[in-house]
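J.: Mind looking at a prediction? Sequence and model below.
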Amino acid sequence: MPPPLYDPDETQPPRWPLAGVVLIVCLAWFALSWPWLSGLVTIPWDAKAHFYPQLQFLAGSWHKGLSAFWTPNVFAGSPQVADPQSLIFSPPFALIAALNPSPDFSWSDGAVLGMLLAGALCFVLLFKDRGWHPAGAVVAALAFAFGASAAWRIQHIGQVLSLGYFAVTLLLVSRALERGSVLYGLAAGIVAGFMVLGRDQVALLGVYALAGLVLAAIAMDRRPWQALRTSLLPLLAGVIGAVAVATVPILLTAFLAQESNRPAIDFIGAGKGSLHPAALLTGLFANLYGAAGPLENFWGAPSPGWEARFGALELYLARNMSQLYLGLLPAGLILTIGIVRGALWRREIRALSLAALLLLLFALGRYTPAFRLLFELPGIDFYRRPADALFLVGAMLALLGGYLTHLVMSDAAPRAKPWQRLVEIGLFLGATLLALWLAWTVGRLDVAAVAILTAGLCGVLSLGALVAARGLSLQGAGLTAAIVLGATLTVDLAVNNGPSESTALPAGMYEVLRPDSRNDTIALLKRETARTAAPDRRDRIELAGIDFHWPNASLIHGLDNTLGYNPLRLGLYSKATGAGDHVALPDQRSFSPLMPSYRSLLADMLGLRFIATGVPVEQIDKALKPGDLPQIARTKDAYVYENPRALPRVLLVADAAKADFDQILASGRWPERFDPRRQVLLDREAPARPPGPALPGSASILDYGTTEVAIAVDAPSGGYLVLNDVYHPWWRVSIDERPAELLRANVLFRAVAVPPGRSTVRFTFAPLQGLYADVGRRLGARPSPPAGSDR
């Protein structure tokens, strides 16, 4: 049988108090999570601005009997099924969406915190499997769930989920190898597949870390060839499980990325997301640089204060992205017993120590020569921030800190030699003096002094608890020792890694995101779009420059928005409209040659009727002239304007003409005399219309869902039905249930040729059929898509 990822001790206690340890961890988790679970605060920033609207859209769609694979509510239409951040393929959030048609903030926050608890409990089981001390399990679990990036970047939901999946996969793959279990191998692969579906850098690095640990476990076995043979079936089962879960969603995202706005990241660009070496001091002094807030207190790299003293850095990291603190107890043990006395090089923990070192080198990015080599690993150039590796660095250090706690509690830790004791004292003293010197140089001793004093008090508390717990453990009271250290670490983490401006803000700040919001701007837009609705109309709105959490509010309130908040958008739409990934600030609303202003033909064709802005619209669109956009209201949050020229969502036109869409996009000039109410532009030759005058017809929306739009057409002379929704090749169209050809129309929209007479036209989003066709084209074949619809 192959070895575990790290060998268990030769002597294991006859009974390991699993229930007691789980209870300690759960109570500590509940205490540290209470500010969010109680509703007093909520996880802010991306968690609310981006992910919470996604959850609401997912839950609302499912409970209305609609598919969540496409949304019309942001960027004039977006393929959610291919978006890694849509939460469709995230089991914790999908379960919430299935259970609750309108989950509130505590549900979404609880899912994130619950994922961290799941990972923490898996660490407990890892310690149990090895017979390591219960106190070590508690330290590792709490440091994992509430330390480093898990605490300071909890608003980055996707990466937190990937971190949780990593911990679960680590346990399952460890058991698969230890026991030669195909079932554990399959389970590990399935969970790893969901981790990969996060399609973020934490997931990618997690895959590399797991692969490295598996190889190390086999190579370090006393009989490696036998270990390899015994591991093959469990590992093969894992591969099958991961492929079954992840292949289709990954392919959907890959093909979307080819036509998206997402740029490639080069080595220099990635280096701008590196962790500054000075950030390592946060491993001992949690809020040394004032990252907890307010913003003006922050003086670490790359703040203006830091750059004024040490020069420009060209680093693009938010203040919370450089925090490494996971408790003075594990950090102190790592520095002393682990590094100075060499315990981290013991055979049973060596692979984890190397993994932690490599991940830390990766996080430091351009500040070490190792990043040049690591950047060449497949997939790394998809991501722009090496500092994201701190998520996994925190997990590895939590395990190492727990292991070292086990050594102390078991009286197996190496004793310090006199020179080692001097080095240990020098490390702490040197770190303190360096922190004070940096603060003095930047002129922020007032902020740093509080952090250093807090660390000193927590250090005294941790050292006293460690001595007391060791005494209890050696007397046979191992569980009591775990309680002592668990309580101490809980206090430490609550003080140093508790709610901050980056991780917790009053829930009332996000009232506009509640489905039953009474916000007057949202209420006004709902009333006005209802007022202007007609059989052929479904007017769009735009939310620009109001606040960080506003752009995706349309996903919650069912408003069709021309903008939104998402780093991944359809490239065609971004190029045509100038839409960026966010529009929280007025200057983030950029325009394009084809849409140089709100007073433009493309804005009218989009049906952009109502525009809500945080400042007078003339400050956003300098090209506007008086009277172009009449102001209809001034609410508490916004100025609201109406574009009376907005065109209907569906148009029936008689004539078609071929046009060069690339030239139109580049120049911003439409063909002369082009009128979208009478003619449609196509990217191909259009058949000649029969001679004689075209008889007037009509088009009316029968049903407008997320992935299906049905339109009644009355076209006495035939013609073209134009649907002013964003074109995407995964849409299909049928006329009276017979497949028809979907046409790209007027650069950005969809159309279909309709025969004379009355008919029902149905547009259906069919991503699996579309993917099948795309894969076939990529392989050089042109297969017919399978029968049926995946709407």
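T.: Perfect, thanks for sending it. All figures in this text were calculated on a predicted structure; none of them were measured in a lab. Numbering: from 1, shown residues only.
J.: Which parts of the stretch 601-750 of the chain are strands?
T.: Counting by DSSP state E, counting those that start in this stretch, the stretch 601-750 of the chain forms strands over residues 608-613, 631-634, 639-642, 650-653, 655-658, 679-682, 698-704, 708-715, 719-723, 731-735, 738-740, 743-745, 749-754, given from the N-terminal end onward.
J.: Need the residues that contact the second one.
T.: So the one you mean is strand 631-634. Contacts of strand 631-634 with the rest of the structure, by CB atoms under 8 Å, 6 or more residues apart in numbering, involve 524, 528, 610, 617, 639, 640, 641, 642. (Glycine included, C-beta is placed from N, CA and C.)
J.: The longest one too?
T.: With contacts defined as CB under 8 Å, 6+ apart, strand 708-715 is touched by 650, 652, 697-704, 721, 723, 725, 754-765, 791.
J.: can you give me how far it is from the chain middle?
T.: What separates the centre of strand 708-715 from the centre of its chain is 38 Å, taken as CA atoms, centre = their mean, to the nearest Å.
J.: what is the orientation angle of that strand with strand 749-754?
T.: Between the axes of strand 708-715 and strand 749-754, defined by axes from the mean of the first three to the mean of the last three CA atoms, to 10 degrees, the angle is 50 degrees.
J.: same question for strand 708-715, mean pLDDT?
T.: Model confidence over strand 708-715, given as mean pLDDT, is 98.
J.: cool, the last one as well?
T.: For strand 749-754, the mean pLDDT works out to 97.
J.: Give me the distance from the helix or strand where residue 330 lies to the chain's centre.
T.: Counting by DSSP states H and E, the element that carries residue 330 is helix 328-333. When distances are taken as CA atoms, centre = their mean, helix 328-333 is centred 30 Å away from the chain's centroid.
J.: Over to stretch 463-476?
T.: On the basis of CA atoms, centre = their mean, the separation between the geometric centre of stretch 463-476 and that of its chain is 41 Å.
J.: From the rest of the structure, what touches that stretch?
T.: 133, 135, 329, 332, 405, 408-411, 478, 480-482, 484-485, 487-488.
J.: in that stretch, what's buried?
T.: 465, 466, 469, 470, 472, 473 (16 or more other CB atoms under 10 Å).
J.: Next one: the most centrally placed residue in the chain relative to residue 252, how far apart?
T.: The residue lying closest to the centre of the chain (CA atoms, centre = their mean) is residue 158, at 3.3 Å. Taking CB to CB, to the nearest Å as the measure, residue 158 falls 16 Å from residue 252.
J.: likewise residue 231?
T.: Distance, residue 231 to residue 252, by CB to CB: 32 Å.
J.: rewinding a little: for the residue nearest to the centre of the chain, give me its contacts.
T.: With contact taken as CB under 8 Å, 6+ apart, residue 158 is in contact with 51, 84, 85, 198, 199, 200, 202.
J.: Does residue 543 touch residue 555 like I think?
T.: No: in this structure, residue 543 sits apart from residue 555 without contact. The criterion is CB atoms under 8 Å, and the distance is 11.1 Å.
J.: More neighbours: these two, which one.
T.: In this view residue 543 and residue 555 are compared by other CB atoms under 10 Å, and residue 543 has more residues nearby, 31 against 28.
J.: Quick one, grab the pLDDT at the more buried one.
T.: The per-residue pLDDT reported for residue 543 equals 98.
J.: who are the neighbours in contact with it?
T.: With CB under 8 Å, 6+ apart as the criterion, the residues that contact residue 543 are 550, 551, 553, 554, 561, 563, 583, 612, 638.
J.: Return the set of buried residues in stretch 746-766.
T.: Along stretch 746-766, the positions that meet the burial threshold by neighbour count (16+ other CB under 10 Å) are 746-754, 759, 761-766.
J.: which two from the residues you listed end up farthest apart in space?
T.: Of all pairs drawn from those, the one with the largest separation by CB to CB is 747 and 759; the distance is 25.6 Å.
J.: State the mean pLDDT of the helix holding residue 330.
T.: Looking at helix 328-333 alone, the average pLDDT works out to 98.
J.: same deal with stretch 343-350?
T.: 96.
J.: Leaving out sequence neighbours, find the closest residue to residue 590.
T.: The shortest distance from residue 590 to any residue other than its chain neighbours is 4.4 Å, reached at residue 578 (CB to CB, 6 or more residues apart in numbering).
J.: Please tell me the pLDDT value assigned to the one you found.
T.: Per-residue confidence (pLDDT) for residue 578: 96.
J.: next one: residue 54
T.: pLDDT, the model's per-residue confidence, is 98 for residue 54.
J.: Where does it sit: helix, strand or coil?
T.: Classification of residue 54 using DSSP: H, G, I helix; E, B strand; the rest coil returns helix.
J.: Report how many residues lie close to it.
T.: By the other CB under 10 Å criterion, the neighbourhood of residue 54 contains 27 residues.
J.: got the contact list for it?
T.: Residue 54 neighbours (CB under 8 Å, 6+ apart): 80, 85, 86, 87, 552, 555.
J.: quick one, helices of the stretch 151-300 of the chain?
T.: Secondary structure of the stretch 151-300 of the chain, counting by DSSP state H, counting those that start in this stretch: helices at 157-179, 182-196, 201-219, 224-258, 267-271.
J.: for these, which one ends up most surrounded?
T.: Comparing the helices of the stretch 151-300 of the chain on average neighbours per residue, with mean count of other CB atoms under 10 Å, the densest one is helix 157-179 at a mean of 25.
J.: Distance from the chain centre to it, please.
T.: A distance of 18 Å separates the C-alpha centroid of helix 157-179 from that of its chain, computed with CA atoms, centre = their mean.
J.: For the strands of the stretch 601-750 of the chain, give me CSV that also has distance to residue 534.
T.: Converted to CSV, these look like this (distance: least, CB to CB, whole Å):
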stretch, distance to residue 534
strand 608-613, 11
strand 631-634, 18
strand 639-642, 15
strand 650-653, 10
strand 655-658, 24
strand 679-682, 21
strand 698-704, 9
strand 708-715, 13
strand 719-723, 15
strand 731-735, 22
strand 738-740, 25
strand 743-745, 21
strand 749-754, 19
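J.: Any idea how many residues pack against the nearest residue to residue 636 once chain neighbours are set aside?
T.: Closest residue to residue 636 in three dimensions, ignoring its sequence neighbours and counting by CB to CB, 6+ apart: residue 520, at 6.0 Å. Residues contacting residue 520 under the criterion other CB under 10 Å number 15.
J.: And residue 520, how close does it get to residue 527?
T.: Separation of residue 520 from residue 527 (CB to CB): 10 Å.
J.: circling back: put the buried members of the contacts of stretch 463-476 into a ChimeraX selection.
T.: Remark: buried members of these, expressed as a ChimeraX selection using 16+ other CB under 10 Å:
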select :133,135,329,332,405,408,409,410,478,480,481,482,484,485,487,488
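J.: what comes up buried for the strand or helix carrying residue 97?
T.: Take DSSP H and E as the rule and residue 97 turns out to sit in helix 91-99. For helix 91-99, burial by neighbour count (16+ other CB under 10 Å) applies to 92, 93, 94, 96, 97.
J.: Now do the helix or strand hosting residue 523: which elements does it pack against?
T.: Counting by DSSP H and E, the element that carries residue 523 is helix 520-532. For helix 520-532, the contact count by 3 or more CB pairs under 8 Å, 6 or more residues apart in numbering; DSSP states H and E identifies helix 553-557, strand 608-613, strand 639-642 as packing neighbours.
J.: what about dumping the CA coordinates of it to PDB?
T.: Only the C-alpha atoms of helix 520-532 are listed here, as PDB (Å, rounded to 0.1, in the frame of the first residue of the first chain):
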ATOM      1  CA  ASP A 520     -36.300  54.800  -5.200                       C
ATOM      2  CA  THR A 521     -34.100  54.500  -8.300                       C
ATOM      3  CA  ILE A 522     -34.800  50.900  -8.800                       C
ATOM      4  CA  ALA A 523     -38.500  51.500  -8.200                       C
ATOM      5  CA  LEU A 524     -38.500  54.300 -10.700                       C
ATOM      6  CA  LEU A 525     -36.800  52.200 -13.400                       C
ATOM      7  CA  LYS A 526     -39.200  49.300 -12.900                       C
ATOM      8  CA  ARG A 527     -42.200  51.700 -13.200                       C
ATOM      9  CA  GLU A 528     -40.800  53.400 -16.300                       C
ATOM     10  CA  THR A 529     -39.900  50.200 -18.200                       C
ATOM     11  CA  ALA A 530     -43.300  48.800 -17.400                       C
ATOM     12  CA  ARG A 531     -44.900  52.000 -18.700                       C
ATOM     13  CA  THR A 532     -43.100  51.900 -22.000                       C
END
